[in-house]
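Student: For reference, the sequence and a predicted model appear below.
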Amino acid sequence: MPYATHPSTPSSSSVLPGEDTDGSAPADVASPGISVPGNRGIKVVRAITIREKPETLYAFWRNVSNLPRIVNHPVTILPRTALESRWLVSAPAGRKMEWNAIIINDEPGQLIAWRTTADADVANAGSIRFAPAPGDEGTEVTVSLEYNPPAGKLGAAVAKLTRDSAGSQVYDALRRFKALMEAGEIPTTYGQPVGGPQREKAREHRP
Amino acid sequence: MKALVWMGKKKVEVQTVSDPAILLPRDCIVKITSTAICGSDIHLYDGVIPTLEKGDILGHEFMGEVIEVGKQVKRIKAGDRVVVPFTISCGRCTHCLRQQFSACDNTNPNWHIAETLLGFPSAGMFGYAHMTGGYAGGQAQYARVPHADTGLLKIENDLPDEKVLFLSDIFPTGYMAAENCQIVPGQSVVAVWGCGPVGQFAIRSAFLLGAAKVIAIDSVPERRALAGKAGAITLDSGDDVMEELKALTGGRGPDASIDAVGMEAHGSAYDEFKQALKLETDRPYALRQAMRCTRKAGVVSVPGVYGGFLDKIPFGAAMNKGLTFKMGQTHMQKYMGPLLKLIEDGKIDPSVIITHRLPLSEAPEAYPMFTKKTDGCIKVVLDPAA
Ligand SMILES: NC(=O)c1ccc[n+]([C@@H]2O[C@H](COP(=O)([O-])OP(=O)(O)OC[C@H]3O[C@@H](n4cnc5c(N)ncnc54)[C@H](O)[C@@H]3O)[C@@H](O)[C@H]2O)c1
Ligand SMILES: [Zn+2]
Ligand SMILES: [Zn+2]
């Protein structure tokens, strides 16, 4: 089903707080219902196919306390209610970004969509969709994410997260999600023996 | 432990490094009893494979004894004698379930590097640069082996290491290369460029699969002689290969060609110059010849490794003759069991290619010898305990 006509797509007006809207949302089929008017938000869409049932994948993602395992970036997620969670994400230069995320659309086995509430350091909105892939390929998992880099100093730091790096972070999380669901573990070489000049580097970088 | 470490172009040394530990629940630790140097290591040694870093431990053809297993390892136990395949595969992704093990989705932690270079990441591999995961290799006394249950081949007979060691890479690689030729038993003529270890197994596998004739091409006399012992007709790569092949095939050309040379082919000053100046990453001289010489509607099978971008590839010949191309890193786990059976049944003795048995401590001298093919060197097996 094309994203733009999905019945569960939320209202096409802005879902990001603090945005003035002229009522005409950009026709960006890639980010269903989470667009920012005037295209000022940064949008990324990434997809991966996982050999697992949509229901299982949905169930993992719906329990937000699972997500730090697959996000390859320091993040704390504190569930508050069934629909709301507090996110604390480390930002460049030792800063922290915080927001409350609220689930605005929840279709078991198919879709989870969320957005931040008004006090967010980085207003963002996103969705993850689980759709059967053809044949025995598994499930196509598509994440759409959109965020508004904030103003001020923090904004400057966050703006360093270009469209590309936001995209690769989303994709990285999807790859890790896939590995965990299919192989039972996320591959790593961290902590293996290394020789020569790398040994010293490895020691310095150990957390 | 002691391990062979790459320290820059044409520089390797044995260093003392930390012992490997179990990092994930499906890992095991193998105490290595035999390990070999592969033609792929030449590409690493020469610095033509991107994303290798100083300090990387090389080696991907090894076997030994399992001394420790992770919590989730079920099939493999401490004490098992095992051959380790050079590719790491999860056994559960779509590619693994389709027996395309070297395309495993879930074992390359550096997928971002691989995707930038290749579009999609390949499986993780031991000792083979960071685009294939940056896994520490097996020219060492111990190795950490992820996904032990999927990867390892148990050896439950008393065959010596040297008869089963090459199940870790080059025997399956030569076999898959021959299988890819779609040999019609009693009819197909197969030409093999390169009589190194991979070529030797490709030649022997082509005969096992029923090839009517195998023609082997190399410039090194003792390698040609070893190919001849397997029953191949041999050609010097300095000859007019096209005319010789036509003469040997009634003018048809070989039904299938195997490029068991790869990205560092000799014989083309053009490519050596361009590669030295970094104007091309690979020297595909043998591949070009194979594409021109192969019969119409034939197959070009490429086990030889290529790393990047190839120059002056006669794609017109491929298109207009309707060639089929088959290639890839070997889908190891698909072949190891059946090929072990061939060894046990005495159908093939892989150890015939070994020319040098050396201690690991002499690996820094063995690398240039194997690379330059001096001292009659065809295959080096190292003893990590010595
Ligand atoms: N696909 C895989 O999974 C896989 C696995 C192992 C090795 N390999 C690759 O296979 C290739 C061969 O490996 P090897 O261990 O036999 O290496 P090797 O270097 O010992 O053998 C290569 C042979 O090719 C010969 N040669 C060079 N130029 C030639 C030319 N123009 N025409 C004919 N012969 C020529 C050399 O004299 C040498 O004997 C390498 O590229 C290696 O990386 C691939
Ligand atoms: Zn090899
Ligand atoms: Zn796999």
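Tutor: Received, thanks. Ligands and ions are numbered 1, 2, ... in the order given.
Student: Strands along chain A, start to end?
Tutor: Secondary structure of chain A (DSSP state E): strands at A:42-50, A:75-79, A:84-90, A:96-107, A:111-116, A:123-132, A:139-148.
Student: Over to the stretch 51-200 of chain B?
Tutor: Applying DSSP state E, counting those that start in this stretch to the stretch 51-200 of chain B gives strands spanning B:61-69, B:81-84, B:87-88, B:124-125, B:142-145, B:153-154, B:189-193.
Student: With mean neighbour count as extra columns, can I get those strands in a markdown table?
Tutor: Every residue, glycine included, has its C-beta placed from N, CA and C. Shown next, in a markdown table, are these (neighbours: other CB atoms under 10 Å in any protein chain shown):
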| stretch | mean neighbour count |
| --- | --- |
| strand B:61-69 | 22 |
| strand B:81-84 | 24 |
| strand B:87-88 | 27 |
| strand B:124-125 | 26 |
| strand B:142-145 | 27 |
| strand B:153-154 | 18 |
| strand B:189-193 | 30 |
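Student: Quick one, which of the ones you listed gets closest to B:Leu52.
Tutor: Among the strands of the stretch 51-200 of chain B, the nearest to B:Leu52 by CB to CB is strand B:124-125 (11.9 Å).
Student: at contact distance from chain A, anything in the closest one?
Tutor: Yes: remark: strand B:124-125 sits within contact range of chain A at B:Gly124, by CB under 8 Å from any CB of the partner chain.
Student: Now for chain A, the helix or strand with the poorest mean pLDDT.
Tutor: helix A:152-159 (a mean of 63; mean pLDDT, DSSP states H and E).
Student: hang on, the earlier thing: got the strands of the stretch 51-200 of chain B as CSV, with mean pLDDT columns?
Tutor: As requested, those are exported to CSV (pLDDT from 0 to 100):
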stretch, mean pLDDT
strand B:61-69, 98
strand B:81-84, 98
strand B:87-88, 98
strand B:124-125, 98
strand B:142-145, 98
strand B:153-154, 98
strand B:189-193, 98
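Student: check contacts around A:Val141.
Tutor: Under the criterion of CB atoms under 8 Å, 6 or more residues apart in numbering or on different chains, the contact partners of A:Val141 comprise A:47-50, A:57, A:128-130, A:174, A:177-178.
Student: Please name the nearest non-neighbouring residue to B:Thr132.
Tutor: Computed as CB to CB, 6 or more residues apart in numbering or on different chains, the closest residue to B:Thr132 that is not its neighbour in sequence is B:Met125, at 4.1 Å.
Student: What parts of the stretch 51-200 of chain B come near ligand 3?
Tutor: Residues of the stretch 51-200 of chain B lying near ligand 3 by CB under 5 Å from the ion: B:89-90, B:93, B:96, B:104.
Student: Which two among those residues are spaced furthest apart?
Tutor: B:Ser89 and B:Cys93 (8.3 Å).
Student: which residues are common contacts for those two?
Tutor: Common contacts of B:Ser89 and B:Cys93 (CB under 8 Å, 6+ apart): B:Cys104.
Student: These two - which one has more neighbours?
Tutor: B:Ser89 (29 against 26; other CB atoms under 10 Å in any protein chain shown).
Student: ok, that one touching B:Gln100?
Tutor: No: with contact defined as CB atoms under 8 Å, B:Ser89 does not reach B:Gln100; the gap is 9.1 Å.
Student: what's in contact with stretch A:72-81?
Tutor: Residues outside stretch A:72-81 that contact it (CB under 8 Å, 6+ apart) are A:64-65, A:67-68, A:85-90, A:100, A:169, A:172-173, A:176.
Student: 7 Å - rerun?
Tutor: A:64-65, A:67-68, A:85-90, A:169, A:172-173, A:176 (CB atoms under 7 Å, 6 or more residues apart in numbering or on different chains).
Student: quick one on the thing from earlier: tabulate the strands of chain A in JSON lines, adding columns for mean pLDDT and distance to ligand 2.
Tutor: Shown next, in JSON lines, are the strands of chain A (pLDDT from 0 to 100; distance: least, CB to the ion, whole Å):
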{"stretch": "strand A:42-50", "mean pLDDT": "93", "distance to ligand 2": "30"}
{"stretch": "strand A:75-79", "mean pLDDT": "93", "distance to ligand 2": "40"}
{"stretch": "strand A:84-90", "mean pLDDT": "92", "distance to ligand 2": "41"}
{"stretch": "strand A:96-107", "mean pLDDT": "94", "distance to ligand 2": "46"}
{"stretch": "strand A:111-116", "mean pLDDT": "96", "distance to ligand 2": "45"}
{"stretch": "strand A:123-132", "mean pLDDT": "95", "distance to ligand 2": "39"}
{"stretch": "strand A:139-148", "mean pLDDT": "93", "distance to ligand 2": "35"}
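Student: Out of the residues of the stretch 51-200 of chain B next to ligand 3, which is nearest to B:Lys154?
Tutor: B:Ser89 (16.4 Å).
Student: got the contact list for that closest one?
Tutor: Taking CB under 7 Å, 6+ apart, we find B:Ser89 in contact with B:96, B:101, B:104, B:107, B:123, B:147, B:150-151, B:333.
Student: Over to B:Phe325?
Tutor: For B:Phe325, the contact set (CB under 7 Å, 6+ apart) comprises B:300, B:302.
Student: what's across from it in the sheet?
Tutor: B:Val300 (DSSP bridges).
Student: Tell me the gap between the helix or strand of chain B with the lowest mean pLDDT and the middle of its chain.
Tutor: Using mean pLDDT, DSSP H and E, helix B:269-276 stands out as the lowest-scoring helix or strand of chain B, at a mean of 84. Distance of helix B:269-276 from the chain centroid (CA atoms, centre = their mean, to the nearest Å) equals 24 Å.
Student: what's the average pLDDT for stretch B:36-47?
Tutor: Across stretch B:36-47, pLDDT averages out at 96.
Student: swap in stretch A:194-202?
Tutor: pLDDT averaged over stretch A:194-202 gives 81.
Student: ok, longest helix in chain A?
Tutor: For chain A, the helix with the greatest residue count under DSSP state H is helix A:163-183.
Student: Let's see that one as PDB, backbone CA atoms only.
Tutor: What follows is helix A:163-183, C-alpha atoms only, in PDB (Å, rounded to 0.1, in the frame of the first residue of the first chain):
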ATOM      1  CA  ARG A 163      21.200  14.400   6.800                       C
ATOM      2  CA  ASP A 164      23.700  11.700   6.000                       C
ATOM      3  CA  SER A 165      24.800  10.900   9.500                       C
ATOM      4  CA  ALA A 166      21.200  10.800  10.800                       C
ATOM      5  CA  GLY A 167      20.500   8.400   8.000                       C
ATOM      6  CA  SER A 168      23.400   6.200   8.800                       C
ATOM      7  CA  GLN A 169      22.500   6.200  12.500                       C
ATOM      8  CA  VAL A 170      19.000   5.000  11.600                       C
ATOM      9  CA  TYR A 171      20.400   2.500   9.200                       C
ATOM     10  CA  ASP A 172      22.900   1.300  11.700                       C
ATOM     11  CA  ALA A 173      20.100   0.700  14.200                       C
ATOM     12  CA  LEU A 174      18.200  -1.300  11.600                       C
ATOM     13  CA  ARG A 175      21.300  -3.500  10.800                       C
ATOM     14  CA  ARG A 176      21.800  -4.100  14.500                       C
ATOM     15  CA  PHE A 177      18.100  -4.900  14.900                       C
ATOM     16  CA  LYS A 178      18.300  -7.400  12.000                       C
ATOM     17  CA  ALA A 179      21.400  -9.100  13.400                       C
ATOM     18  CA  LEU A 180      19.900  -9.400  16.800                       C
ATOM     19  CA  MET A 181      16.600 -10.800  15.500                       C
ATOM     20  CA  GLU A 182      18.100 -13.200  12.900                       C
ATOM     21  CA  ALA A 183      21.500 -14.200  14.300                       C
END
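Student: Pull the residues that contact it.
Tutor: Contacts of helix A:163-183 (CB under 7 Å, 6+ apart): A:42, A:44, A:46, A:48, A:50-52, A:57, A:69-73, A:141, A:143, A:145, A:185-187, B:90, B:92-93, B:105-106, B:111-112.
Student: Could you pick out the buried ones from the residues you listed?
Tutor: Using 16 or more other CB atoms under 10 Å in any protein chain shown as the burial test, the contacts of helix A:163-183 include A:42, A:44, A:46, A:48, A:50-52, A:57, A:70-71, A:141, A:143, A:145, A:185-187, B:90, B:92-93, B:105-106, B:111 as buried.
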